[in-house]
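>>> the following comprises the amino acid sequence and a computationally predicted model.
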Amino acid sequence: MGFLDFILFPVYVALFYFIFKSRRKKYDDPVLQFYHKQGFWIKVLAVIPFTLFNTVISLGDSFVLYYTEGANIYHLILGNSDHLKWLYLPGSEFDQTLLRNSMNLGYFRAENNYMVTRIVAILSFVSFARYSIINLFFSLIAYTGIWRLYRFFYEQYPHLHKQLAIAILYLPTFVFWSSGILKDPLCISALGWITYAFYEAFVKKKNLLRNAVILFVFGYLLAILKIYILISYVPFLILYLILRNVNMVKSRLLKWVLGPTLIFGSVLAGQRVMINFENELGGYTADQITTQVDKTRSSYRDDTKVGGGESTFSLGVEFDGTLISLIKMAPAAIIATFYRPFIWESRKISTLLSSLESMFIMFFTLYVLFKVGLFKTLKAIKNDPVILYSVLFSLLFGLFVGATTPNFGSLVRYKIPCMPFYVISLYLILDYYHKQKTASW
């Protein structure tokens, strides 16, 4: 952080504070007001360690690729307006001779890398191209989606406001890795907006046109950045909506007819969508997913060999690219996502902090299983659509991330979209257990 960053950062924080404060005044619920303000300051303060980490401790894509080249495009435009075309042309057409850092050669062939760089270039016009200020923008963009996610769960479980805050607003790695220039903050923001737009449009039946626009914009953004998040999340969100509506039907016979019918119809519709958009989905279609896992895992392994392998780990299960081997790998991959790195596997500060969080989550999981019991846990998952969709998304996403990422440094970042859902599902299972226990007295 340069001297100008120290001068400008408090000014931008003050501007954002008044913007978010004006939004907060629209809430009548004092609980929402309290957590909205608290969440804002958490995201603001998290920008400082994120900025220091990526400029002093560990230079990575945030600074070396996205910021460096985004600020470079900004300066190119200031020097010659002809360069404005780089804000709307695809990354594959970017003139590689204009790169600020020749080590970034080839990265813009991937549109998801260029999208982040493009956003950095645009934000540079309102931030004097200062790294810490753009980090602040990214952090608060993420927070807008994070807050929608909090509201989605809070409106259904208002009595669990503290637990939901722990899972969504306070979770350390989730907060940290969504507080600066990366794909992850944008993906988290999109995930939150998509969730609440679905909920508001199809459950609350409000603002249909506005929510349709939100779904299109953030669905498009998420599809460009990390399409595997979109295709692993939306089906379970739709399942939640189906089961919620089915549960509102009083007739048990009609429930048994409606439930399977709607789910089967959704599966067929999903297959049709995947067929129609096969080119856009690339290697993430159902018949190519194992091949994609193998390619992604090999890619990370090759990158690790180039960059040093001190953070690599093994699942202890060989993967040969078949569905059977993926199923065999599933338990180890899911364990790696949610509970690793273990304390003794940590080699860096970033992975040490993540290992402490993973340890607490593992202990919390064991506590819930022993407290509630396996049978009652499965019953809670079956009977509550929110728990079911949270668990299914967490496990599927955890499987994919754990199976494709043989590096702790990447794992602690890539797993953050599913972590709030996993922790929330544990709290909801406990809550279901207590409700059932109280009702039986």
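Cool, got the structure. Residues are numbered from 1 along each chain as shown.
>>> go ahead and confirm Val44 touches Leu136.
Yes - here Val44 lies in contact with Leu136, judged by C-beta atoms under 8 Å, at a distance of 7.0 Å. Where C-beta positions appear, they are placed from N, C-alpha and C, glycine not excepted.
>>> contacts only, for the nearest residue to Met103 once chain neighbours are set aside.
Of all residues not flanking Met103 in the chain, Val64 sits nearest, at 7.4 Å (C-beta to C-beta, 6 or more residues apart in numbering). Val64 makes contacts with Asn101, Met103, Asn104, as judged by C-beta atoms under 8 Å, 6 or more residues apart in numbering.
>>> who touches both of Val44 and Leu136?
Common contact partners of Val44 and Leu136 (C-beta under 8 Å, 6+ apart): Val13, Phe16.
>>> these two: which has the busier surroundings?
Legend: neighbour count by other C-beta atoms under 10 Å for Val44 and Leu136, higher for Leu136 (28 against 20).
>>> just the CA coordinates for the host helix or strand of that one, please, in CSV.
Leu136 is located in helix 131-154, with elements delineated by DSSP states H and E. Listed next in CSV are the C-alpha coordinates belonging to helix 131-154 (Å, rounded to 0.1, in the frame of the first residue of the first chain):
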residue,chain,number,x,y,z
TYR,A,131,-5.0,-1.6,-5.4
SER,A,132,-6.4,-1.2,-1.9
ILE,A,133,-9.4,0.9,-3.1
ILE,A,134,-10.3,-1.6,-5.9
ASN,A,135,-10.0,-4.4,-3.3
LEU,A,136,-12.6,-2.4,-1.2
PHE,A,137,-14.9,-2.3,-4.2
PHE,A,138,-14.6,-6.0,-4.8
SER,A,139,-15.1,-6.7,-1.1
LEU,A,140,-18.3,-4.7,-0.9
ILE,A,141,-19.6,-6.0,-4.2
ALA,A,142,-19.2,-9.5,-2.6
TYR,A,143,-21.0,-8.2,0.5
THR,A,144,-24.1,-7.2,-1.4
GLY,A,145,-24.5,-10.9,-2.4
ILE,A,146,-23.5,-12.2,1.0
TRP,A,147,-26.1,-10.0,2.6
ARG,A,148,-28.8,-11.3,0.2
LEU,A,149,-27.8,-14.9,1.2
TYR,A,150,-28.1,-13.9,4.9
ARG,A,151,-31.6,-12.5,4.3
PHE,A,152,-32.6,-15.6,2.4
PHE,A,153,-31.9,-17.8,5.4
TYR,A,154,-32.9,-15.3,8.1
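>>> dump the C-alpha coordinates for whatever helix or strand comes next after it into CSV.
Past helix 131-154, further along toward the C-terminus, the next helix or strand under DSSP H and E is helix 161-165. Extracted in CSV, the C-alpha atoms of helix 161-165 (Å, rounded to 0.1, in the frame of the first residue of the first chain):
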residue,chain,number,x,y,z
HIS,A,161,-29.8,-15.0,13.4
LYS,A,162,-26.7,-15.5,15.5
GLN,A,163,-25.9,-18.9,14.0
LEU,A,164,-26.5,-17.6,10.4
ALA,A,165,-24.2,-14.7,11.1
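>>> contacts for helix 161-165?
With C-beta under 8 Å, 6+ apart as the contact definition, helix 161-165 has outside contacts at Val31, Tyr35, Gln38, Gly39, Tyr150, Phe153, Tyr154, Tyr157, Ile424, Tyr427, Asp431.
>>> can you check what angle separates whatever helix or strand the last one lives in from helix 131-154?
Taking DSSP H and E as the criterion, the element that holds Asp431 is helix 419-440. Interaxial angle of helix 419-440 relative to helix 131-154 (axes from the mean of the first three to the mean of the last three C-alpha atoms, to 10 degrees): 20 degrees.
>>> which helices and strands sit right next to helix 419-440?
Using 3 or more C-beta pairs under 8 Å, 6 or more residues apart in numbering; DSSP states H and E, the elements in contact with helix 419-440 are helix 161-165, helix 172-176, helix 349-372, helix 374-383, helix 385-404.
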